[in-house]
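Student: make a model of this:
(3 chains)
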Amino acid sequence: MPQGRSLSAEFFNRPAEEVAPALLGKALVRRRERKRTVYRITETEAYVGPHDLASHAARGRTRRTEPMFGPPGSLYIYLVYGMHWMLNVVTGEIDYPAAVLIRSVKTITGPGRLTRALGITGALNAHQASARSGLWFADLGERVVPQEIVRTPRIGVDYAGPVWAEKEYRFLISSPMSSGKHVRQV
DNA sequence: GCAGTGATCATA
DNA sequence: ATGATCACTGCC
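Tutor: Model (predicted):
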């Protein structure tokens, strides 16, 4: 199975709202026990900076949020509701807290289900995404055109107040089935 | 619809 | 030390 070229830190060194759609169609690669599995990313969310009231970083630099202030391409993984690990990749320059939440890959929908299926826990928190850590991102060479990308408000962030809860920082690859139309393949 | 679950953070 | 909150999921 092709796994493509690993995405460098430079790919992540730009605003989260740019990285989030750019990750659609890219690969999330997991290595466990010498087995590699490649997953196509289908849904992401951007948490854009310290002024973003939906972001943990809006509460400042604490032990929990410290990884968000790390270098681009590092991982921010935290537990929510005492049960579900959330996988994020840090974006932008060091000391600027921003990240992209990986919400779904093909065949696995939901950020908590995703980490459970891939065996991702806080053990990888603050690590760089890399072959070394066993979790990284890659370019499959697949083209995702802007027309295939759908934007919506983020999920589960009503606590942020209307202005920030309504920002369209969630990105999905539109599925031909859900659009109710068949698509001619080129 | 709503309970489960436990780390984190603010308050004290 | 205590209590509220929570970037979710699964079952009623």
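
Student: okay, CA-based contacts and neighbour counts for the rest of this
Tutor: Will do.

Student: tell me which other helices or strands the strand of greatest length in chain A touches.
Tutor: In chain A, ranked by residue count with DSSP state E as the criterion, the top strand is strand A:35-47. With contacts defined as 3 or more Cα pairs under 8 Å, 6 or more residues apart in numbering; DSSP states H and E, the packing partners of strand A:35-47 are helix A:16-22, strand A:27-32, strand A:99-105, strand A:170-173.

Student: contacts only, for the residue nearest in space to the middle of chain A.
Tutor: The structure's chain A has its C-alpha centroid closest to A:Ile102; by Cα atoms, centre = their mean the separation is 2.8 Å. Under the criterion of Cα atoms under 8 Å, 6 or more residues apart in numbering, the neighbours of A:Ile102 are A:41, A:43-45, A:86-89, A:111.

Student: how close does it get to A:Pro162?
Tutor: When distances are taken as Cα to Cα, to the nearest Å, A:Ile102 and A:Pro162 turn out to be 23 Å apart.

Student: cool, A:Val150 as well?
Tutor: The span separating A:Val150 from A:Pro162 equals 21 Å under the rule Cα to Cα.

Student: please pull out the lowest mean pLDDT helix or strand from chain A.
Tutor: Across the helices and strands of chain A, the lowest-confidence element by mean pLDDT, DSSP states H and E is strand A:5-6, at a mean of 92.

Student: and the next helix or strand past that strand?
Tutor: Moving toward the C-terminus from strand A:5-6, the next helix or strand (DSSP states H and E) is helix A:9-12.

Student: picking up where we left off before, beta partners of the residue lying closest to the residue nearest to the centre of chain A once chain neighbours are set aside?
Tutor: When the adjacent residues along the chain are set aside, A:Ile102 lies closest to A:Thr44, with 4.8 Å between them (Cα to Cα, 6 or more residues apart in numbering). For A:Thr44, the beta-bridge assignment (DSSP bridges) gives partners A:Ile102, A:Phe171.

Student: please state the backbone phi and psi of A:Trp136?
Tutor: phi -150, psi 180 (degrees, to the nearest 10).

Student: check whether it really touches A:Leu124, as I assumed.
Tutor: No - under the criterion of Cα atoms under 8 Å, A:Trp136 lies out of contact with A:Leu124, with a separation of 11.2 Å.

Student: and those two? which has more neighbours close in?
Tutor: In terms of neighbours (other Cα atoms under 10 Å), A:Trp136 is the more surrounded of A:Trp136 and A:Leu124; the figures are 23 against 18.

Student: list the contacts of the more buried one.
Tutor: When contacts are counted by Cα under 8 Å, 6+ apart, A:Trp136 is found next to A:6-7, A:28-30, A:129-130.

Student: farthest pair in those residues?
Tutor: Farthest apart among those by Cα to Cα are A:Leu7 and A:Arg30. That separation is 13.8 Å.
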